[in-house]
Every structure is written in C-alpha cells, then in structure tokens.
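In: this is a predicted model, with the sequence first.
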Amino acid sequence: MRYIARRLAHAILLLIAISLFSFVLLQWTPGDFFDAMRLDPRVSAQTVEGLRSQFGVNQSFVARYVRWGRSLVHGDMGYSFSYDAPVAPLLWSRAKNTLLLAGIATLLAWMIAIPVGIWTAARKDGPGDKVFGAGISTLLAIPDLVLFLILLMIAVRTGWFPTGGMVSSSFSNLSAWQKTKDIATHFALPAAGLAIVMLPMLVRHIRSAMLEALESPFIRAARAHGIPRARVLLRYALPVASNPLISLFGFSIATILSGSAILEVVMSWPGLGPLMVQAILSRDVYVVAGIVMLSSVFLVAGNLLADVLLFVSDPRIRVGKT
Amino acid sequence: MKRRYKMSFALALLGIAHIVVFFAGFFAPYSFSTQNRGLPYAPPMRVHFLDEQGRFHLRPFVYTFKNDSAGSGAYEVDRSPQYPLHFFVRGSSYKVFGLFEAQTHLFGVDPPARLFLLGTDEYGRDQFTRFLYGGQVSLAAGLIAAGLSLLLGIIIGALAGFYGGWIDEILMRAGELFLALPWLYLLFAVRAALPLHIAQWQVFLLLLGVCGVIGWARPARLIRGVVLSAKERNFVIAARTFGGSDFYLLRRHVLPQTYGIILTQAALLIPQFILAEVTLTFLGLGVGAPMASWSGLISSLQHYYVLASYWWMFAPALLLIPIFAAYYAIADELQEHLKSVPL
C-alpha cells in the first residue's frame, strides 16, 4: 500500500510540475488574444482594456497562475477567449470523440497484436515469422502522416468511405440504425489508420517478451514433460511475459489522448487535435494549456495504472518494494 | 552473415541518399525555383528505350506533351518527336559546397522538351528537383536536432550517472518531467509561444533547437544507465587509483562504452525529428522555409484536388519510406549487436 501511495504522490507532484512548466511556456508568448482586436478600428481602446482586465490578462504572472490553478481545481480549467466559454466543457465535448476513436483503435490494435506476437514468437525464424517481421518493419518505416494521407487518398479515390468528419450532414434526420451505420463508416478509416500506427510497436514488444519467456529453463522442462505446445505457450509462457505487456498497456492508455492528434487533423475528426491547432493559431492560451494538462493527466494516470497493475499481478514487486 | 548484409545495405542506401541530396545541384536537372507556368501539375514522364515501332534505342529518350497551352490540366503525350537524354549537360548554375559555381548537371534534355521524373507542382516546378533540394533542408534538420538532443543527453546522462547523489536525483526527475509531457502538444505549445510572423529561417532554427531540447530525456536515461555500470568496471577503478581526473576518466574510459547506445539513439532520433518538422509544417505551424523542403512538398497534399487528381504528388511522401526504413534497420541491427556483446 505504501508503494502505491508513494507512486500516487509522485504522480501528483509531476502533474504540478507540468502545469507550472506549460503555463510558463504559454505566458512567455509575445502578444495575446486581444492583439488582433486592438488593430480593429471598430473596437475602441477602452473596450480592449476592459476585456483584458475582465479576463485577467494584465495581472501579474503569479496571480494568473494562481487563478488558473484555482479554476483547474474547480473544474473549469480557465476561460476560452475565442469560444467565450469555460474551457472544461469545450474540452470534454472534443475529448469524447478522441477517446471514442483512440479507444476503439487501441482495442483493435491489441486484439490483432497479441495473437500475432505470440504466434511469431512461437514460430521464431520460421517462414511466418519472417513474413510478419518484414511486414511489421515496413509498417514501422511508414511515417504516420504519410500513412494517413494514403488512407485519405484511398477514401477520395474509391468513394467507399467519407473523407472526414464524424457524421454526415444529414445525421439528425436519420433513424437510429442509419445513425449507427453512418458513424461506423466515418469511423472505419481513422480507426484503421490509428490501429495500423500502433500495431508494429505492440507486436514487436509482445514478440520479444514472449521470446524471453520461452527461453527460460522451466519452459523446456514443461515441454519435456510432454505438456501440449498451446498450453505451454498460453498457460506457462504468457503469464511470465505479461510484465512488460502490462507496462505497454499503461503506455497505450497514457497516449490515448495525444496519440491521435495528427490523424484527427488530417481526417478532420472533431477531436482534441484540430482544437489544439486552432487554439494555437488564435493564441487561445487557456485552451492550449487545458489540452496539454488533460493529456498529461492521461499520460501520468496511464503509467500509474501500469504500476498498480504490476504491483497487483507480480508478487516479486509486492515483496521487494514494501 | 545475413545480418551484416542487411546493415551494409541500409548504410549504402543512406549514403547514396545523402550524397545525392548534398549534391542536389548536380543530380537535379533544373534549379529548385525554375517555373514552367504552362505546365502546372504535369504528370511524371516515362523515360523510353523502345520507340513506337518497337525499335530499341541505346540512348533513352522522352516525349513532350501535346498541349503545352496553360490551364486545361489534361496532358497528352506527343509521340512523334523524340528527345534523347543527354548526360553531363550544361544547365542552370548552382553552387557546390556553397562556394564553387558549376553548371554541369548529371542529365537533361534539349530545351523544347522538359524532363519531369516525378511530375510538376502547381507552378510547373520539377518535383524531382524540389525533392532533392528539399532533402538538404529536411535531412539537415534531422541531423542538427538529433545532434543537439544527443549532446544534451550525453552531458546530462554522464553527469547523473558519474556523480550520482543529488545531481542524479534532480536531473532524472527533470528527465521524467520531459518524458511525461506530451511532446507533440509541447511542440505546438512552443510554436504558440513564438511569434507567428518572424523570418522563416529563425523559426526553423528555433524549432530545431526546441526539438533538440525536448528530446534529451530518453538518451540521457539510457546513457546514465550505461555510465552507472561502466564506472564500476575494474579498469576504470584502476585508472582512478592512478590519479586520473574525473574529466579524464569520463572522456577516456567511461564515455567510449556508451557509443553503442548513442549510435542507436541517433538512428532512431534522426527520422523522428525529420518527421516532427514535416508534421509541424503540415499542420501549418512550421517553417515553410524559403527553399523547398520535404515538409513543403508533403504539405501540398492538404488540398483536396491534389489528393483526388494528382497521384504523383505523393511520390515525395513515399520516398521518405525507404529512408526511414534504412534508419530503423540500422537502429535494429545496432540493438541486436549491443545485446550480443556483453558490456
């Protein structure tokens, strides 16, 4: 228990450090959201100054950080200038879409990667392993941006898939069944793209973890006892190989919010990625800071989750660290 | 045996790519800014050996397009006049090493005809030429950023591993902070902190700097790990008892043991930073350097009509794949090698 408590305290300290760091970075910005307004002759100087003091832009750095920190704790995460609304609900409406996409893609990638990883490890250096190995290396070398563009071109050329967005324009007057179908077709390409990006790393890690486990003497002993191959693989080797996989799973959770940003921009998925780019271009600092914070929370929480799972599953860690 | 073969293949590929890109002026038939306003979005040309009658020509040749008039967008190949390919032709002047003027190009065709191996862009500029010149910017970007983050990683990792104690504690906690930050978002945020309109080369250098500074944490951790075990080895301890200074020990005995890790990390970081620059530019936050860069070429794919109609605009993006594959293959092989050699 002390181990988990220590990890938790560590994570919270890390989050505070990240918040301070990203806030410093953003406040370093020359100019602010209201600069563009100041150039507009229709808006008087008093109005701009009024807005600036209303949003607290002209306060001292420490005062702004404290103010922002307080609003983080209260759960509105600051105020968006361009949307004229608290940041939190705005982020949440976008984060839902990102989570939906990345969640399904992650699930898909793991569901493919586990059998492929185990199978190629079991047939090390066989023809199947070589074919998959070459395929995985190729996938790894395709930059994610290029992959997304290729998928987008396929969508444009064939017309089988919509080229962007999450729902069709006629979404609101469709029946429930058609709605599901509509979302599913919009889903197919982005989810496939994201899963393909995640896949090579997962397969490689699973394969090497399995290989390491399969080399242990007790596996040879089990084989010598005549225990069937499949049982040795799944009941003997897999649990031993699971430690690195649990860390990897934590990493998957950790990057679930930030990993799909590029994809979302390329395929115009209404998630956090496009919001981030817009917010940067319009200098909407609290939205930027909010997104950085939110994805950092996921990063830290994912790693924490992995630590806790390891703690629960592996008695060696439990005994060693307490 | 097979392993060495794979490694040398990857090294040869990268070597050729870097030489061709470095001497882009010589290998490219045109200058990167030469426009052919009458030939926007011309498709790639085929280099022929067989003519219409099926006769074989030792010297390859190309055909021109029928309608050179602007704007129609549909190009038809004019099969009557053949324009043979010449080697070591004189063309637009360029500079080698930024010093010597030169005019010789590896290949070209006689003026009424044009040679577009990868087609042209919206201004009728040769994509092949722009890809080669673009490589100068992008490969340099990858090398500089990776060099910077490795340098930081070596210094910080060596200090933390060698001295231990509170120095180690502080440096590694800072490293954790940098690893925990979502790096793409952080790059965005830093880009936000820069003014939107400053000179392009300034943005370029600043972004490289930022990439380098953000990337130090992972190599630093790995190097620290190696230094930690390396400094306990007998010959290091022996050298210390002979009165070697800390700096001497690090330079002569400890850091040489980290070369494997450093090379592996370099092979992984360079493509990552090339991609980071391309991605930022694609999202409209990057440099768009005055010269062609790979990011600029790939950014043209943002337009729907380019995606829909001009498939050859994908060629620069696809050409990245073998280069990345070579870098990753080298990293893989180095890693395997490190595993087999006990430290």
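Out: Thanks, I have the structure now.
In: could you use CA atoms for every contact and neighbour count after this?
Out: Noted.
In: quick check: residues of chain A near chain B?
Out: A:14, A:17-18, A:22, A:25-31, A:137-138, A:140-143, A:145-146, A:149, A:152-153, A:156-157, A:258, A:262, A:265-266, A:276-277, A:280-281, A:283, A:288, A:292, A:295-296, A:299-300 (Cα under 8 Å from any Cα of the partner chain).
In: now which of those residues would you call buried?
Out: For the residues of chain A next to chain B, a burial check counting by 16 or more other Cα atoms under 10 Å in any protein chain shown picks out A:14, A:18, A:22, A:25-27, A:29, A:137-138, A:140-143, A:145-146, A:149, A:152-153, A:156, A:258, A:262, A:265-266, A:276-277, A:280-281, A:283, A:288, A:292, A:295-296, A:299-300.
In: secondary structure class of the residue positioned nearest the centre of chain A, three-state.
Out: Nearest residue to the geometric centre of chain A (Cα atoms, centre = their mean): A:Ile256, 2.0 Å. With DSSP: H, G, I helix; E, B strand; the rest coil as the basis, A:Ile256 sits in coil.
In: now do B:Phe32
Out: Secondary structure, three-state DSSP: B:Phe32 is coil.
In: that one and chain A: what is the separation?
Out: Using Cα to the nearest Cα, to the nearest Å, B:Phe32 is found at 23 Å from chain A.
In: does that residue touch B:Arg130 like I think?
Out: Yes. Look at B:Phe32 against B:Arg130 with Cα atoms under 8 Å: they come within range, at 5.2 Å.
In: between those two, who's got more neighbours?
Out: Taking other Cα atoms under 10 Å in any protein chain shown, B:Phe32 and B:Arg130 do not tie; B:Arg130 has more neighbours (28 against 21).
In: now do the contacts for the residue of the stretch 201-343 of chain B found nearest chain A.
Out: The minimum distance from the stretch 201-343 of chain B to chain A, using Cα to the nearest Cα, falls at B:Ala325 (4.6 Å). With contact taken as Cα atoms under 8 Å, 6 or more residues apart in numbering or on different chains, B:Ala325 is in contact with A:Ser137, A:Thr138, A:Leu140, A:Ala141, A:Ile142.
In: and the pLDDT at whichever residue of the stretch 51-200 of chain A sits closest to chain B?
Out: Closest approach between the stretch 51-200 of chain A and chain B, counting by Cα to the nearest Cα: A:Ala141, at 4.6 Å. If you check A:Ala141, the pLDDT there is 86.
In: what helix or strand is the residue nearest to it when sequence neighbours are not counted on?
Out: Nearest in space to A:Ala141, with sequence neighbours left out and distances taken as Cα to Cα, 6 or more residues apart in numbering or on different chains, is B:Ala325 at 4.6 Å. Using DSSP states H and E, B:Ala325 sits within helix B:315-340.
In: swap in B:Cys211?
Out: helix B:200-214.
In: summarise which helices and strands that helix is packed against.
Out: Helix B:200-214 is packed against helix B:127-163, helix B:183-193, with contacts defined by 3 or more Cα pairs under 8 Å, 6 or more residues apart in numbering or on different chains; DSSP states H and E.
In: the stretch 1-150 of chain B: helices as residue ranges?
Out: B:2-22, B:24-27, B:127-163 (DSSP state H, counting those that start in this stretch).
In: out of those helices, nearest to B:Pro84?
Out: helix B:24-27 (17.6 Å; Cα to Cα).
In: for the closest one, packing partners?
Out: Using 3+ Cα pairs under 8 Å, 6+ apart as the test, helix B:24-27 ends up in contact with strand B:86-96, strand B:100-108, helix B:127-163.
In: which among these is found nearest to chain A?
Out: Closest approach to chain A among the helices and strands packed on helix B:24-27 is made by helix B:127-163 (14.2 Å; Cα to the nearest Cα).
In: let's check: the centremost residue of chain B is which one?
Out: Nearest to chain B centroid, counting by Cα atoms, centre = their mean: B:Leu139, 2.8 Å.
In: lowest-pLDDT helix or strand in chain A?
Out: Least confident helix or strand of chain A, by mean pLDDT, DSSP states H and E, is helix A:35-39 with a mean of 65.
In: and the next element down the chain from that helix?
Out: Following helix A:35-39 in sequence, per DSSP H and E, is helix A:45-55.
In: please save the CA atoms from the helix or strand following that following helix in CSV.
Out: Where DSSP H and E defines the elements, the next helix or strand beyond helix A:45-55 is helix A:61-74. Output of helix A:61-74 as CSV, limited to C-alpha atoms (Å, rounded to 0.1, in the frame of the first residue of the first chain):
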residue,chain,number,x,y,z
PHE,A,61,2.3,36.2,-13.6
VAL,A,62,1.8,34.7,-10.2
ALA,A,63,-1.7,36.0,-9.9
ARG,A,64,-2.6,34.5,-13.2
TYR,A,65,-1.1,31.1,-12.3
VAL,A,66,-2.9,31.0,-9.0
ARG,A,67,-6.1,32.0,-10.7
TRP,A,68,-5.7,29.3,-13.4
GLY,A,69,-4.7,26.7,-10.8
ARG,A,70,-7.8,27.5,-8.8
SER,A,71,-10.0,27.1,-11.9
LEU,A,72,-8.3,23.8,-12.6
VAL,A,73,-9.3,22.6,-9.2
HIS,A,74,-12.8,23.9,-9.6
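In: what stretches of the stretch 51-200 of chain B score poorly on pLDDT?
Out: B:66-74, B:98-99, B:112, B:182-200 (pLDDT under 70).
In: tell me the contacts of residue 122?
Out: I'll assume chain A. Taking Cα under 8 Å, 6+ apart, one finds A:Leu211, A:Leu233 in contact with A:Ala122.
In: actually it's chain B I care about, not the one you picked
Out: B:Pro40, B:Tyr41.
In: hang on, the earlier thing: take the helices and strands packed on helix B:24-27 and write them to a markdown table, including distance to A:Pro89.
Out: Output for the helices and strands packed on helix B:24-27, formatted as a markdown table (distance: least, Cα to Cα, whole Å):
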| stretch | distance to A:Pro89 |
| --- | --- |
| strand B:86-96 | 56 |
| strand B:100-108 | 60 |
| helix B:127-163 | 37 |
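In: surely B:Leu50 meets B:Phe56?
Out: Yes. Assessed by Cα under 8 Å, B:Leu50 is found in contact with B:Phe56 at 4.6 Å.
In: C-terminal to the helix holding B:Cys211, what's the next element?
Out: helix B:217-230.
In: in this structure B:Leu152 contacts B:Trp216, no?
Out: Yes. Shown here, B:Leu152 and B:Trp216 form a contact pair, counting by Cα under 8 Å, at 5.8 Å.
In: who has more neighbours out of these two?
Out: The neighbour count for B:Leu152 versus B:Trp216, taken as other Cα under 10 Å, is higher for B:Trp216 (24 against 20).
In: residues contacting that one?
Out: For B:Trp216, the contact set (Cα under 8 Å, 6+ apart) comprises B:Ser149, B:Leu150, B:Leu152, B:Gly153, B:Gly175.
In: and the second one, how far is that from B:Val254?
Out: Meaning B:Leu150. Look at B:Leu150 and B:Val254: by Cα to Cα, to the nearest Å, they are 16 Å apart.
In: please apply the same query to the third one.
Out: When distance is defined by Cα to Cα, B:Leu152 is 17 Å away from B:Val254.
In: and if you look at the first one?
Out: For B:Ser149, the distance to B:Val254 (Cα to Cα) stands at 20 Å.
In: and the helices in the stretch 151-300 of chain A?
Out: In the stretch 151-300 of chain A, the helices defined using DSSP H, counting those that start in this stretch lie at A:176-214, A:217-224, A:229-231, A:238-254, A:261-266, A:272-281, A:285-313.
In: how about those helices, which one is nearest A:Gly128?
Out: Among these, helix A:176-214 sits nearest to A:Gly128 (Cα to Cα), with 13.0 Å.
In: alright, calling it a day.
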